[in-house]
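Visitor: curious how this folds, go ahead:
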Amino acid sequence: MLRLRRLIATIAMDVGPLRRHRDFRLLFTGQIVTFLGSMVTYVALPYQAYQLSGSALIVGLLGIAEFAPLIAAALLGGALADAHDRRRMLQLTELGFAAATGVLVINALSPDPQLWVLFVVASVMATIDGLQRPSLEALTPRLVERDELPAASALSSFRMNVGMVVGPALGGVLIAVIGLPLTYVLDVATFLFSLAMLRMMRAVPPPADAARPSLRGIVEGIRYAAGRPELVGTYAVDIVAMFFGMPMALFPAIAESYGGAGVLGLLYAAPSVGSLVATLSSGWAGRVHRHGRAVCLAAAGWGAAIVVFGLAPNLAVALFALGLAGAADMISGIFRSTIWNQTIPDALRGRLAGIEQLSYSTGPLLGNVESGVAASLVGIRSAVVSGGVLCVGAVAICALAIPAFWRYDSDEFQASTADTREAGATVPRI
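Guide: Below is the predicted model of the structure:
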């Protein structure tokens, strides 16, 4: 029994940051609720697009509508996060999300819902997400201690996984039971709850010497990221893994063969079930220091699981494979987030968070387009399997092309940083 308790203590998720930091607790509570609503809409919007068009390619093209606005907004959002109160940025963008979802409510209530409205709203939401996410990501290092960052990353992943498990399943049920309009209304309500939590938090003003938002500042962040192989590696691996191995645009079509809207929710939720299991057992992650290697192996594991999903003979095997894929992706995400939070100076944190958002959003968005196009050419199952195989190969190429990332060791980095500080130097700003 004692050994079992020690094992549980070793692998169990560390919830210390929630106990010790009030503002982190408020942020966590508001975001877990609002993300739940967003995941309901995440299912409802492509479902409605597929119902209106009957085309998996059209669902995939939603990614094109989101791609360009996200790129521009994420870079701007990063600069704003470094120059303004990050809590205030979250409040303004939550209001924007609520308004955009309100448009979906109106469109769904219309006797003749328009497909083009879904594309416009998807574009607007991508813009708002680009403006919000850098402030959200850059806020966490200001709310917890440095040695708590791995635990805080795991907790942030946990709240996202709860939303991604419960939200899609709930979305499928809500669509079938109460219809699309009320399903979208639920999302609006979650944004209001998040705003209440943010209001109770203290302000998080930028440093007194923070740079004003400018093109020069954005370029400064890009140059800094480009000069750090441990950062470039995280971006490259995630982009190629998601570009080749992201089959979610095909879920509505796959769900039709398994039973419809209810199954669709299960398909969307399955990866997050695996992610949630990985997060709840992430206590071991704090003892891993070869983070680059961990990211590569986990990303390759995602691709291998997607191959199994494409070859699955029935729904049970398909869901199990998606669960394995989600677990692998979460392990990759925990270590990528830890690398970012431990190596980037606070003065650049917002701008680098914008670049991070591009890395983990670009792959899925373009990957959905790629899978939709591939499915239209070679069929759904072949598109899924070939994408998983290409994912594994692309991750291997990244590891070979960026050896410094594969060898990245957090202990060595922190030791070298400490030596630099003892010598009277500062972290270079390019």
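Visitor: so where is this protein shaky, pLDDT-wise?
Guide: Applying pLDDT under 70 to the chain flags residues 1-13, 207-211, 213-214, 260-262, 286, 413-430.
Visitor: for the lengthiest helix in the chain, packing partners?
Guide: In the chain, with assignment by DSSP state H, the single longest helix is helix 22-53. Of the remaining helices and strands, those touching helix 22-53 by 3 or more C-beta pairs under 8 Å, 6 or more residues apart in numbering; DSSP states H and E are helix 16-20, helix 56-83, helix 86-109, helix 115-143, helix 149-177, helix 180-200, helix 251-258, helix 261-280. From N, CA and C alone the C-beta is placed, and that goes for glycine too.
Visitor: list the buried residues of that helix.
Guide: 23-50 (16 or more other C-beta atoms under 10 Å).
Visitor: check contacts around the residue nearest to Leu36 when sequence neighbours are not counted.
Guide: Leaving aside its chain neighbours, Leu36 sits nearest to Gly163 (4.3 Å; criterion: C-beta to C-beta, 6 or more residues apart in numbering). Neighbour list for Gly163: 32, 35-36, 38-39, 272 [criterion: C-beta atoms under 8 Å, 6 or more residues apart in numbering].
Visitor: run the chain-centre distance for the host helix or strand of Ala353.
Guide: Assigned by DSSP states H and E, Ala353 falls within helix 349-378. Taking C-alpha atoms, centre = their mean, to the nearest Å, one finds helix 349-378 lying 11 Å from the centre of the chain it belongs to.
Visitor: and the next element down the chain from it?
Guide: Next element after helix 349-378 (DSSP H and E): helix 380-401.
Visitor: the spatially most central residue of the chain and Val103, how far apart?
Guide: In the chain, the centroid-proximal residue (C-alpha atoms, centre = their mean) is Tyr360; its distance is 6.2 Å. Using C-beta to C-beta, to the nearest Å, Tyr360 is found at 26 Å from Val103.
Visitor: again, but for Gly350
Guide: Remark: distance between Gly350 and Val103 (C-beta to C-beta) = 28 Å.
Visitor: okay, the two: which has more neighbours?
Guide: When neighbours are counted by other C-beta atoms under 10 Å, Gly350 and Val103 differ, and Gly350 comes out ahead with 29 against 16.
Visitor: in the helix holding Ala353, what counts as buried?
Guide: 349-375.
Visitor: same thing with stretch 281-293?
Guide: Going by 16+ other C-beta under 10 Å, stretch 281-293 has these buried residues: 281-283, 285-286, 290-293.
Visitor: please apply the same query to stretch 62-82.
Guide: Applying 16+ other C-beta under 10 Å to stretch 62-82 flags 62-67, 69-71, 73-82 as buried.
Visitor: run the chain-centre distance for that stretch.
Guide: Using C-alpha atoms, centre = their mean, the offset of stretch 62-82 from its chain centre is 14 Å.
Visitor: send the alpha carbons of that stretch over as CSV?
Guide: Taking Å, rounded to 0.1, in the frame of the first residue of the first chain, the C-alpha atoms of stretch 62-82 are listed here in CSV:
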residue,chain,number,x,y,z
LEU,A,62,-13.0,26.7,-42.9
GLY,A,63,-9.4,26.5,-42.0
ILE,A,64,-8.5,28.8,-44.9
ALA,A,65,-11.0,31.3,-43.6
GLU,A,66,-9.2,31.2,-40.2
PHE,A,67,-5.6,31.0,-41.4
ALA,A,68,-4.7,34.5,-42.7
PRO,A,69,-6.5,36.5,-39.9
LEU,A,70,-4.9,34.3,-37.3
ILE,A,71,-1.4,35.0,-38.6
ALA,A,72,-1.8,38.7,-38.6
ALA,A,73,-3.7,38.9,-35.3
ALA,A,74,-1.4,36.6,-33.4
LEU,A,75,1.7,38.7,-34.2
LEU,A,76,-0.2,41.9,-33.2
GLY,A,77,-1.7,40.2,-30.2
GLY,A,78,1.8,39.3,-29.0
ALA,A,79,3.0,42.9,-29.3
LEU,A,80,-0.1,44.1,-27.4
ALA,A,81,0.4,41.5,-24.6
ASP,A,82,3.9,42.9,-24.0
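Visitor: endpoints of stretch 278-296, how far apart?
Guide: 16 Å (C-alpha to C-alpha, to the nearest Å).
Visitor: Ala138 against His84, yeah?
Guide: No: the pair Ala138 / His84 is not scored as a contact, 10.9 Å apart, by C-beta atoms under 8 Å.
Visitor: so between the two, which is more surrounded?
Guide: Under the criterion of other C-beta under 10 Å, the comparison of Ala138 against His84 puts Ala138 first, with 29 against 19.
Visitor: show me the contacts for the more buried one.
Guide: Neighbouring residues of Ala138 by C-beta under 8 Å, 6+ apart: 78, 81-82, 86, 346, 349-350, 353.
Visitor: how close does the residue nearest to Leu36 sit to Leu276?
Guide: In terms of C-beta to C-beta, Gly163 sits 10 Å off from Leu276.
Visitor: okay, now Ala99: neighbour count?
Guide: Neighbour tally, Ala99, other C-beta under 10 Å: 13.
Visitor: ok, Arg19 next?
Guide: Arg19 has 10 nearby residues by other C-beta under 10 Å.
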